[in-house]
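Participant: mind looking at a prediction? Sequence and model below.
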Amino acid sequence: MASKINHRARHVALKWSHTAGLFCAMMVLCVPGLWIVLNSFRPTVEIMAKPPVWIPNNLNLDHYRAMFGGIGEGSVPVLTYFTNSLIISVTSTVIAILVGMAGGYAFARYKFKFKGGIFVGLMVTRAVPGVALSLPLFILFARIGIIDTHIGMILAYVALNVPFTVWLIDGFFRQVPPELAEAAEIDGCTRWQAFWRVEFPVARSGIASAGIFAFLTSWNEYALAAQLTRSTTSKTMPVGLLDFTSQFTLNWGGMCALAVLMIIPALILTFLVQKHLIAGLTFGGVKG
């Protein structure tokens, strides 16, 4: 009896320590984001105060009004930057997913020469940091005349996302039994119909996960966008943060306000597809 009570006490203590550890980890992850949100509503005096003001005394919308041209600091073309980011991110994600589906399915289902070498070579390109590619891409894009254009940024982000989407989707299709497609073909489906009606629905959550990661990569990327864009017609929101800097000052409140506007669409997308994201990340983790 005493051993059972001790075992239950240890179980409760372990559960509470696990909860406390998760809470501390979440606090460490969430505090920087919360600090940015608070700074977007606080006056510059509080933001720059030393020692820091942990509990805000005066919250207002001055930085947001200034960003949209309401008061003296001058407007920032937020809607233009948002439109640019949305066009570039959505288009590059759709193209990367289509290419990734074709490539991932081919690697998962077919045998061909140098398959392993091609796959490893594709993955090696993922190891190259984007900032290392900025100068070669700038020279190449300048020669073909697509610097400071949407199509240039879309091509850059497609190249950046395709290796990852191919690798991720290949793993998902490997978890789909090929016998499903074979049974569909026996029942009269063509190879294309078997893919869309049988294999694609099973791997849909995994493909959605790859799309989310590709979109967030394009939405948040700064290094390539800073090198390949020049004017407001093509600048994305991360590059737009530079509009709040000058030679001697930094408008921290304005930068935090724009950062909050950048975070909101990503949060909305994540919540909308949360079900597919979790299913995709756990796809194949449990074997029947």
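Facilitator: Yep, it's here.

Participant: for this structure, name the helix or strand with the lowest mean pLDDT.
Facilitator: helix 274-281 (a mean of 61; mean pLDDT, DSSP states H and E).

Participant: so for stretch 159-166, what's the average pLDDT?
Facilitator: Per-residue pLDDT over stretch 159-166 has a mean of 89.

Participant: mind listing what's buried in it?
Facilitator: 159-166 (16 or more other C-beta atoms under 10 Å). C-betas here are computed from N, CA, C, even on glycine.

Participant: equivalent analysis for stretch 203-213, please.
Facilitator: Per 16+ other C-beta under 10 Å, stretch 203-213 contains these buried residues: 203, 205-213.

Participant: so which of the buried residues of stretch 159-166 sit within helices?
Facilitator: Among the buried residues of stretch 159-166, the members falling in helices (DSSP state H) are 159-166.

Participant: nearest residue to residue 252 in space, please, no chain neighbours.
Facilitator: Using C-beta to C-beta, 6 or more residues apart in numbering and skipping residues adjacent in sequence, the residue nearest residue 252 is residue 47, 5.1 Å away.

Participant: so what pLDDT did that neighbour get?
Facilitator: pLDDT at residue 47 comes out at 82.

Participant: what's the answer for residue 42, then?
Facilitator: Residue 42 is given a pLDDT of 87.

Participant: domains of this structure?
Facilitator: 2-60, 78-281 (automatic domain parsing).

Participant: what's the least confident stretch among these?
Facilitator: domain 2-60 has the lowest average pLDDT among the domains of the chain, namely a mean of 80.

Participant: and residue 56, how many neighbours?
Facilitator: 14 (other C-beta atoms under 10 Å).

Participant: try residue 267
Facilitator: 10.

Participant: check which helices and strands the longest helix along the chain sits against.
Facilitator: Ranked by residue count and defined by DSSP H, the top helix of the chain is helix 2-41. Helix 2-41 is packed against helix 62-67, helix 252-272, with contacts defined by 3 or more C-beta pairs under 8 Å, 6 or more residues apart in numbering; DSSP states H and E.

Participant: among those helices, which is the most enclosed?
Facilitator: Ranked by mean neighbour count, the helices and strands packed on helix 2-41 are led by helix 62-67 with a mean of 22 (mean count of other C-beta atoms under 10 Å).

Participant: other SSEs contacting that one?
Facilitator: helix 2-41, helix 252-272.

Participant: circling back to that earlier point, so which of the ones in helices among the buried residues of stretch 159-166 is the closest to residue 53?
Facilitator: residue 160 (39.6 Å; C-beta to C-beta).
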